[in-house]
Structures are given as C-alpha cells and as structure tokens.
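Novice: Just need the structure, nothing else, for what follows:
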Amino acid sequence: MSPGKQASQTEAAAPMAAGARLEAMRRRVRLSRVAVWTVIAAGPIALCVAVTSAPTTVAAAPATKPTAVRTATAATDPGGYAQVFIGAWLRSDANDETSAQAR
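Specialist: Numbers count the residues shown, from 1 in each chain. Predicted structure coming up:
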C-alpha cells in the first residue's frame, strides 16, 4: 500500500480506544440493568420473608394501678376540638384589626 493510504498510528488506535470505551459503556449499562432489576425484585422478596417469618409473641405488661386519677376533661372526645376549631375559623374575619388573623 502506498504511504498516503496507510493509516497513521493514532488513527489506527482510535477505533480500538473507541471500542474499549464502547465496551465499558455496555458493561455499565448491563450493571445498571442488573441493579435496577435487583431493586425491583427486593420488594416482593422482602414481603415474602415478612409474611413467612414466624410471628413474635408479646407478653402482656403487668397491670398496675394508675398513679393519677384522670379528670373528665382528659377523657373527652377529641372530635369536639375539631368542631370548635372549625367553628372559630369560619367565624374569624381577616378585616377585624383586633383578631389574631389580622395581626
């Protein structure tokens, strides 16, 4: 071959370097796919392990007498607090300068 048609050393090495880079990229893609499939499979595997594992028995704590007596206000229904809050919120006025909402 004539010297003009022969590839220089740098041009001949370039496809090999590009091929090596291409192989490295393919390897990373394969590893990424394996990692993604592993993460996807971990959920159902963990669920199966949790379902098939033996249930733990919990011993009841010994009953002790309460040290303080509860008052009637502590035993009230918490749903009443929501009604009071909603009622106060609906009655509030942003234009009233003395309200906390205006401040």
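Novice: so where's the longest helix in this protein?
Specialist: Counting residues, the longest helix found in the chain (DSSP state H) is helix 9-52.
Novice: Now do Ala41 against Arg27, distance only.
Specialist: Distance, Ala41 to Arg27, using C-beta to C-beta, to the nearest Å: 21 Å. Quick note: C-beta positions are derived from backbone N, CA and C, even for glycine.
Novice: pLDDT weak spots in this structure?
Specialist: In the predicted model, the chain carries pLDDT under 70 at residues 1-17, 54, 56, 65-78, 94, 99-103.
Novice: returning to what we had before: just checking, what packs against the longest helix of the chain?
Specialist: If you count contacts as 3 or more C-beta pairs under 8 Å, 6 or more residues apart in numbering; DSSP states H and E, helix 9-52 packs onto no helix or strand.
Novice: Moving C-terminal from that helix, which element do we reach first?
Specialist: Later in the chain than helix 9-52, the nearest helix or strand by DSSP states H and E is helix 79-91.
Novice: Output that following helix as PDB, restricted to C-alpha atoms.
Specialist: Provided in PDB are the C-alpha atoms of helix 79-91 (Å, rounded to 0.1, in the frame of the first residue of the first chain):
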ATOM      1  CA  GLY A  79     -63.700  15.200  67.800                       C
ATOM      2  CA  GLY A  80     -65.200  18.100  69.800                       C
ATOM      3  CA  TYR A  81     -61.900  20.000  69.400                       C
ATOM      4  CA  ALA A  82     -62.100  19.800  65.700                       C
ATOM      5  CA  GLN A  83     -65.700  21.200  65.800                       C
ATOM      6  CA  VAL A  84     -64.600  24.100  68.000                       C
ATOM      7  CA  PHE A  85     -61.600  24.900  65.700                       C
ATOM      8  CA  ILE A  86     -63.700  24.800  62.500                       C
ATOM      9  CA  GLY A  87     -66.300  27.000  64.100                       C
ATOM     10  CA  ALA A  88     -63.800  29.600  65.200                       C
ATOM     11  CA  TRP A  89     -62.100  29.500  61.900                       C
ATOM     12  CA  LEU A  90     -65.300  30.100  60.000                       C
ATOM     13  CA  ARG A  91     -66.300  32.900  62.300                       C
END
